[in-house]
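Colleague: test case, fold it:
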Amino acid sequence: MDDRLTYLLVRKKSGEITLEEQLELSELLKNDYVKLILSEGIDEVFESHLSYGKSIPNNTVNGALDRLYKKIAETGPEPVHFNTNKYRRLKWWSVAASVLLVMSAAAFYLMTSPRPHSPSSNIITTQKGSKTNLVLPDGTKVWVNADTKLIYDKEFGNNAREVALTGEAYFDVVKDKTRPFIIHTSAVQVKVLGTTLNVRSYPTEKTTETTLIKGSVEVTLNTNPQKKVILKPNEKVVVENTDAVLPEQPVDTVNVRKQSAPMVINPVHFDKKDQEVYETMWVKNKLAFDETPFDKMIAELERWYNVQIIVKNKALSASTYTVTFENKSLDEALEGLQFSAHFQYQAKDGIVTIW
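Modeller: Modelled structure (predicted):
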């Protein structure tokens, strides 16, 4: 195990790891199976048995190492031209040394460093033109779109599971009936037990959208917490970000479906070619538009490619567009749009002018 990985794992176990270091650690573990298994094994032993001033029993370490060795030996990559038994023995001692090294270093750090007395927040941010993904402490997987901020407490998962979102994220939430997963946005609160959903809440857009893929969610307006709606799979609720107030009469899903703004529930639309939900295609690096107004599409292009787009032809905003781009450059996307939007453009120094 290299020194940098050891350092990052110690920082993680001490609770002092920064956002940048956490992202770096995720990258190191993402493409290296053995390092990932080592990290998981260290978590298991450390979280279950290590506390201030206490040592880890030998049988605990040996048991963890046995499980690690068995897992790596059974499913890890094996070289073709080496003596297998010798290689496994070497790998076994590498595993043992690595686990003991990190646990010892982390234990020393914990016992000699002051611990914070109040929880602080982890903040995940992405810039325009970038996306990321992460796994929360409870095992929930999150994909974070461009120009987004996701905030969760360092005590997340101990008693509550709550996050705050500005931007767009796709959640695959681990089921836990005793601790509902709650997503806070500027317009709504989304409460789930275990499900897959997409939430979009950009401050520069007129609406907040919650798209349910599977499971069940409860959506509550911040301006009227007494009014709630339940989404079914493949439904999307759209809420106006300003003056988002539900009507005074009792609300059920059927009534809400018949209403226009400020809160509307619609079925999701599927791409005819791939049969994927438009609202979540960005997770697979597909830039997808479904009857999207031109100005909203331009805003998405700006986030996706980290450019500024100036539209001089105002007549373009009168139409909507349905199109999907997969792994396309900005020029390729704009050239594709030209077939239906009929415009000219010039791109220079991060600024695109359309006329």
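Colleague: from here on, contacts and neighbour counts on C-alpha atoms
Modeller: Fine.
Colleague: which other helices and strands contact the longest strand that the chain contains?
Modeller: Ranked by residue count, the top strand of the chain under DSSP state E comes out as strand 161-172. In this structure, strand 161-172 makes packing contacts with strand 141-144, strand 149-153, strand 181-184, strand 196-201, judged by 3 or more C-alpha pairs under 8 Å, 6 or more residues apart in numbering; DSSP states H and E.
Colleague: give the partner strands of it in its sheet and their orientations.
Modeller: strand 141-144 (antiparallel), strand 149-153 (antiparallel), strand 181-184 (parallel), strand 196-201 (antiparallel) (DSSP bridges).
Colleague: picking up where we left off before, out of the helices and strands packed on strand 161-172, which one sits most buried?
Modeller: With neighbours defined as mean count of other C-alpha atoms under 10 Å, the helices and strands packed on strand 161-172 peak in mean count at strand 196-201, which reaches a mean of 23.
Colleague: what is the helix or strand following it packed up against?
Modeller: Sequence order places strand 207-214 as the next helix or strand after strand 196-201, per DSSP states H and E. For strand 207-214, the elements it packs on are strand 196-201, strand 235-240, judged by 3+ C-alpha pairs under 8 Å, 6+ apart.
Colleague: I would like the residues contacting strand 207-214, please.
Modeller: 187-188, 195-202, 231-241, 268, 279 (C-alpha atoms under 8 Å, 6 or more residues apart in numbering).
Colleague: for stretch 340-349, measure first residue to last.
Modeller: Its start and end residues considered, stretch 340-349 measures 26 Å (C-alpha to C-alpha, to the nearest Å).
Colleague: what mean pLDDT does it have?
Modeller: The predicted model gives stretch 340-349 an average pLDDT of 89.
Colleague: and stretch 185-196, by the same measure?
Modeller: 90.
Colleague: could you do stretch 297-315 as well?
Modeller: 92.
Colleague: which parts of it are buried?
Modeller: Of the residues in stretch 297-315, 297-298, 300-304, 306-309, 311 count as buried by neighbour count, 16 or more other C-alpha atoms under 10 Å.
Colleague: cool, and stretch 335-349?
Modeller: 335, 337, 341, 345.
Colleague: of these, which belong to strands?
Modeller: Going by DSSP E, the strands hold residue 345 from the buried residues of stretch 335-349.
Colleague: reformat the buried residues of stretch 335-349 as CSV; add distance to residue 320.
Modeller: Conversion of those to CSV gives the following (distance: C-alpha to C-alpha, whole Å):
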residue, distance to residue 320
335, 17
337, 11
341, 9
345, 19
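Colleague: closest one of the buried residues of stretch 335-349 to residue 317?
Modeller: Nearest to residue 317 among the buried residues of stretch 335-349: residue 341, at 9.7 Å, using C-alpha to C-alpha.
Colleague: what's the closest non-adjacent residue to that closest one?
Modeller: residue 316 (6.9 Å; C-alpha to C-alpha, 6 or more residues apart in numbering).
Colleague: so the one you found makes contact with residue 292?
Modeller: No: taking contacts as C-alpha atoms under 8 Å, residue 316 lies outside contact range of residue 292: 11.8 Å.
Colleague: any of the contacts of strand 207-214 buried? List them.
Modeller: 187-188, 195-202, 231-241, 268, 279.
Colleague: you'd agree residue 159 is up against residue 180?
Modeller: No: counting by C-alpha under 8 Å, residue 159 does not reach residue 180; the two are 10.0 Å apart.
Colleague: neighbour count for the two, which is higher?
Modeller: residue 180 (20 against 10; other C-alpha atoms under 10 Å).
Colleague: was I right about the more buried one contacting residue 160?
Modeller: Yes: using C-alpha under 8 Å, residue 180 makes contact with residue 160 at a distance of 7.3 Å.
Colleague: still on that earlier bit, now render the helices and strands packed on strand 161-172 as JSON lines, adding distance to residue 226.
Modeller: Formatted as JSON lines, the helices and strands packed on strand 161-172 follow (distance: least, C-alpha to C-alpha, whole Å):
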{"stretch": "strand 141-144", "distance to residue 226": "29"}
{"stretch": "strand 149-153", "distance to residue 226": "25"}
{"stretch": "strand 181-184", "distance to residue 226": "16"}
{"stretch": "strand 196-201", "distance to residue 226": "21"}
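Colleague: on that earlier part again, and the buried residues of stretch 335-349, which is closest to residue 288?
Modeller: residue 337 (12.0 Å).
Colleague: how near is that closest one to residue 279?
Modeller: For residue 337, the distance to residue 279 - C-alpha to C-alpha - is 19 Å.
Colleague: sorry, back to before: nearest to residue 353, out of the helices and strands packed on strand 207-214?
Modeller: It is, among the helices and strands packed on strand 207-214 and with distance given as C-alpha to C-alpha, strand 196-201, at 26.7 Å.
Colleague: between strand 207-214 and the closest one, find me the angle.
Modeller: Here strand 196-201 runs at an angle of 180 degrees relative to strand 207-214 (axes from the mean of the first three to the mean of the last three C-alpha atoms, to 10 degrees).
Colleague: who does the helix or strand that residue 322 is a member of touch, helix- and strand-wise?
Modeller: Using DSSP H and E, residue 322 sits within strand 320-326. Secondary-structure packing of strand 320-326 (3+ C-alpha pairs under 8 Å, 6+ apart): strand 286-293.
Colleague: helices of the stretch 51-200 of the chain, start to end?
Modeller: Under the criterion DSSP state H, counting those that start in this stretch, helices of the stretch 51-200 of the chain are mapped to 58-75, 84-112.
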